[in-house]
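In: Provide a 3D model corresponding to the input given below.
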Amino acid sequence: MVEGGAYPAEEGGLVFHPLDQFIVRPLFGDGPISWYTPTNVTLWLAIAVLCVAALFIFATRNRSTIPSRSQSIAELLYGFTHKMVEDVAGKEGLRYFPYIMTLFVFILFANFLGLIPMSFSTTSHIAVTAVLGFGVFFGVTILGFILNGPAFLKLFWMSEAPLFLRPIIAVIEVISYFVRPVSHSVRLAGNITAGHAVIKVFAGFAAIAVLSPVSVVAIALIYGLEVLVAGIQAYVFAILTCVYLKDALHPAH
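Out: Alright, predicted model coming up:
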């Protein structure tokens, strides 16, 4: 979320640019952006990684029976994710707990860092969430074939359905399966983008004296909602990953 709001229009009134906060800009200079150019996205992705590393390295370095606040947060995140993986994917899914834990904590920190004024919300960009979503999709699909071989295709064949409906259901299941990475990534990026854009719009209205008190209250309420959304979207991404992992481990309906 970056600073901004309303700008004076040439013909009077105010002009809002709520999507300016999502523009990718180079960190150094104003030249063209290439794949190797350090940008604001690069910076805040790196900050998210450093925050995660700092929490789990420094908070647990001097573990004690009576945990410190940072150790309590680390243990809470660990226990919460461990239980989620076990409940959804079963005992076998715990082998892949480190991957899901990494995804969950990284997205959680990236979402919360985006709520800091003058920061950049990396998970609002589909380029970032698509890498995460398609990474889960390809990883789970490859794992499914490695563990089950051709039997993984039972995921698309509902043997309990009437025989004449099975081919139709199989086509629907295949389509829905390949839509998974798209919905997985778009859901996260869309929710984060929408919330930040709404905050920016109300911040623009705050420039109008008559609407300023109402805008300030609205911003506070929406910001509180966005804090919840940041946590919920990280949880949704992680639990859907657990569901997809369960399909790879146990493909038969």
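
In: Tell me how far the helix or strand hosting Trp44 lies from the chain's centre.
Out: Using DSSP states H and E, Trp44 sits within helix 40-58. Distance, stretch centre to chain centre, for helix 40-58: 15 Å (C-alpha atoms, centre = their mean, to the nearest Å).

In: Same question for stretch 129-147.
Out: Distance of stretch 129-147 from the chain centroid (C-alpha atoms, centre = their mean) equals 16 Å.

In: With stretch 34-43 instead?
Out: The answer for stretch 34-43 is 20 Å, by C-alpha atoms, centre = their mean.

In: what's the answer for stretch 243-250, then?
Out: 20 Å.

In: Mind listing what's buried along the helix holding Trp44?
Out: Buried positions in helix 40-58, judged by neighbour count with 16 or more other C-beta atoms under 10 Å: Asn40, Val41, Thr42, Trp44, Leu45, Ile47, Ala48, Cys51, Val52, Leu55, Phe56. C-beta coordinates here come from the backbone N, C-alpha and C atoms, glycine included.

In: go on, stretch 152-167?
Out: Phe152, Leu155, Phe156, Met158.

In: Within the helices and strands, which one has the closest residue to the first one other than its chain neighbours?
Out: Distances taken as C-beta to C-beta, 6 or more residues apart in numbering put Gly144 closest to Phe152, at 4.1 Å, once the chain neighbours are dropped. Assigned by DSSP H and E, Gly144 falls within helix 126-148.

In: Which residues does that helix contact?
Out: For helix 126-148, contacts defined as C-beta atoms under 8 Å, 6 or more residues apart in numbering pick out 41, 45, 96, 99, 103, 107, 110, 122-123, 152, 154-155, 180-182, 184-186, 188-189, 237, 241, 244-245, 247-249, 251.

In: Any of the residues you listed buried? List them.
Out: By 16+ other C-beta under 10 Å, the contacts of helix 126-148 give 41, 45, 96, 103, 107, 110, 122-123, 152, 155, 180-181, 184-185, 188-189, 237, 241, 244-245, 247-249, 251 as buried.

In: Out of those residues, list just those in helices.
Out: Judged by DSSP state H, those include 41, 45, 103, 107, 110, 180-181, 184-185, 188-189, 237, 241, 244-245, 247-249 as members of helices.

In: Got the confidence number for the closest residue in space to Leu45 that isn't next to it in sequence?
Out: Computed as C-beta to C-beta, 6+ apart, the closest residue to Leu45 that is not its neighbour in sequence is Thr122, at 5.2 Å. On the pLDDT scale, Thr122 is placed at 93.

In: buried ones in stretch 27-44?
Out: Residues Thr39, Asn40, Val41, Thr42, Trp44 are the ones in stretch 27-44 that count as buried (16+ other C-beta under 10 Å).

In: of all those residues, which two lie farthest apart?
Out: By the measure C-beta to C-beta, Thr39 and Trp44 form the most distant pair in the buried residues of stretch 27-44, at 9.3 Å.

In: The residue lying closest to Asn40 once chain neighbours are set aside - how many residues pack around it?
Out: Closest residue to Asn40 apart from its sequence neighbours, by C-beta to C-beta, 6+ apart: Phe120 at 4.5 Å. By other C-beta atoms under 10 Å, 25 other residues sit near Phe120.

In: Would you verify that Phe120 is located in a helix?
Out: No - secondary structure of Phe120 (DSSP: H, G, I helix; E, B strand; the rest coil): coil, not part of a helix.

In: Quick check: it vs Leu55, distance?
Out: 20 Å (C-beta to C-beta, to the nearest Å).

In: One more: Asn40?
Out: From Asn40 to Leu55 the distance is 23 Å (C-beta to C-beta).

In: ok, Ile33 touching Val41?
Out: No - Ile33 is beyond contact range of Val41, at 9.6 Å (criterion: C-beta atoms under 8 Å).

In: quick one: common contacting residues for those two?
Out: In contact with both Ile33 and Val41: Val24, using C-beta under 8 Å, 6+ apart.
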